[in-house]
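Engineer: with the input below, show me the fold.
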Amino acid sequence: MCLGVPGRIVAVEGLVARVEFWGVRREVRLDVVDEPVAEGDWVLNHVGGDSLHVEPIETGMPVRTRMLLIFAGLLVALYLLTNFMLDLYFR
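Structural biologist: Numbering: from 1, shown residues only. Predicted coordinates for the structure are as follows:
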C-alpha cells in the first residue's frame, strides 16, 4: 500500500516545483510526473517519490475541509472501536 498526499503547485522552476501540502511547502521533482503541470495544478505525491497530475475535485469544498471531515470520521471510528474492545474485555 502506498500513501499519496495531494498538493497544489505554487511555483515551477525548471524540473522542480514548489508544492503546498496543507500549508507546508516542499520541493517536488517534475521529471517523475506523468504529464506536464503548471502553477495552480494539483499533484499526488507518493512517499516513494512518484508524482501524478490530478484534476481537482469539483465539490465546492476545499481540500483542507475534506481532509478534516475524513479525519473526524476516523476519530469517531477509533472511538467506537475502542469502546467495543473495552466492552468485550470487561464482560
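
Engineer: can we go C-alpha only for contacts and neighbour counts from here?
Structural biologist: Noted.

Engineer: off-centre distance for the stretch of helix or strand L86 belongs to?
Structural biologist: In this structure, L86 sits in helix 63-89 according to DSSP states H and E. Put simply, helix 63-89 sits 19 Å off its chain's centre (CA atoms, centre = their mean, to the nearest Å).

Engineer: buried set for it?
Structural biologist: V63 (16 or more other CA atoms under 10 Å).

Engineer: identify the residues contacting stretch 83-91?
Structural biologist: Outside stretch 83-91, no residue is within contact range by CA atoms under 8 Å, 6 or more residues apart in numbering.

Engineer: check the offset of it from the chain's centre.
Structural biologist: 34 Å.

Engineer: in the protein, what helix or strand scores lowest on average pLDDT?
Structural biologist: Using mean pLDDT, DSSP states H and E, the weakest-scoring helix or strand in the chain turns out to be strand 51-54, at a mean of 60.

Engineer: what about G7, is that helix, strand or coil?
Structural biologist: In terms of secondary structure, G7 is strand; the call rests on DSSP: H, G, I helix; E, B strand; the rest coil.

Engineer: who does the spatially closest residue to it that is not a sequence neighbour bridge with?
Structural biologist: Nearest non-adjacent residue to G7, counting by CA to CA, 6 or more residues apart in numbering: F21, 4.6 Å away. For F21, the beta-bridge partners are V24 (DSSP bridges).

Engineer: give me the neighbour count for F21.
Structural biologist: 18 (other CA atoms under 10 Å).

Engineer: that one and L86, how far apart?
Structural biologist: 36 Å (CA to CA, to the nearest Å).

Engineer: quick check, pLDDT for the residue nearest to G7.
Structural biologist: F21 carries a pLDDT value of 82.

Engineer: which residues are in contact with it?
Structural biologist: Per CA under 8 Å, 6+ apart, neighbours of F21: 5-8.

Engineer: can we see that at 7 Å?
Structural biologist: Taking CA atoms under 7 Å, 6 or more residues apart in numbering as the criterion, F21 is in contact with 6-8.

Engineer: need those residues in TSV with neighbour count, can you?
Structural biologist: Below are those laid out as TSV (neighbours: other CA atoms under 10 Å):
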residue	neighbour count
P6	20
G7	25
R8	23
